[in-house]
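S.K.: Predicted model and sequence follow; I will ask about them next.
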Amino acid sequence: MLSEYEYFDVLFEDEVAIIRLADPQFFNTDDYSDLQEEFRQFAEEVRPPLLVVDFRHVTYCSTALISGLIGMQQRLATHGGKVKLSGLYPAARDIFRSLRLEQTVFDIYETTGAALIDC
């Protein structure tokens, strides 16, 4: 089942939700606010035990996007959920590493399939 939001699509596979992010390269400030609100709403309403965020179409990774993901991770964790990231471009992955978010806050995988295998 595919569910659509304005800034991402969600595909559900059993107990796993997979979010496919739109590329935020051309977002303005209000768009980031709206994206963070969609993340909050999704986390509160759906509460998947596992969420994989697919970055394969994301070429630009802002602090607002990262902040929204951290907020979603925190909300899901209160309900026993976990967020994994997949398909990050090398520059985006370097940002997560430099912020010490890789393997501490988020498990990061090359592909969505790899993230699903390691459940």
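M.R.: On my side now, so go ahead.
S.K.: how many neighbours does residue 25 have?
M.R.: Summarising burial for residue 25: neighbours were counted as other Cβ atoms under 10 Å, giving 11. No exception for glycine: its C-beta is placed from N, CA and C like everyone else's.
S.K.: in terms of contact, does it touch residue 59 like I think?
M.R.: Yes - in this structure, residue 25 is within contact of residue 59 by Cβ atoms under 8 Å, at 5.6 Å.
S.K.: So for the residue most central in space within the chain, what's the pLDDT?
M.R.: Nearest to the geometric centre of the chain sits residue 53, at 3.5 Å (Cα atoms, centre = their mean). Here, the pLDDT recorded for residue 53 equals 97.
S.K.: Would you check that it makes contact with residue 21?
M.R.: Yes - with contact defined as Cβ under 8 Å, residue 53 counts as touching residue 21 (6.5 Å).
S.K.: do you know how far residue 17 is from residue 69?
M.R.: For residue 17, the distance to residue 69 (Cβ to Cβ, to the nearest Å) stands at 14 Å.
S.K.: do residue 117 as well
M.R.: Per Cβ to Cβ, residue 117 is found 21 Å from residue 69.
S.K.: Ok, residue 40 next?
M.R.: When residue 40 is compared with residue 69 (using Cβ to Cβ), they lie 11 Å apart.
S.K.: Name the residue in those two with the higher neighbour count.
M.R.: residue 69 (25 against 14).
S.K.: what is the mean pLDDT for the lengthiest helix in the chain?
M.R.: Ranked by residue count under DSSP state H, the longest helix found in the chain is helix 29-46. The predicted model assigns helix 29-46 a mean pLDDT of 90.
S.K.: Now do that helix: which elements does it pack against?
M.R.: Counting by 3 or more Cβ pairs under 8 Å, 6 or more residues apart in numbering; DSSP states H and E, the packing neighbours recorded for helix 29-46 are strand 8-13, helix 63-77.
S.K.: cutoff 7 Å now
M.R.: helix 63-77 (3 or more Cβ pairs under 7 Å, 6 or more residues apart in numbering; DSSP states H and E).
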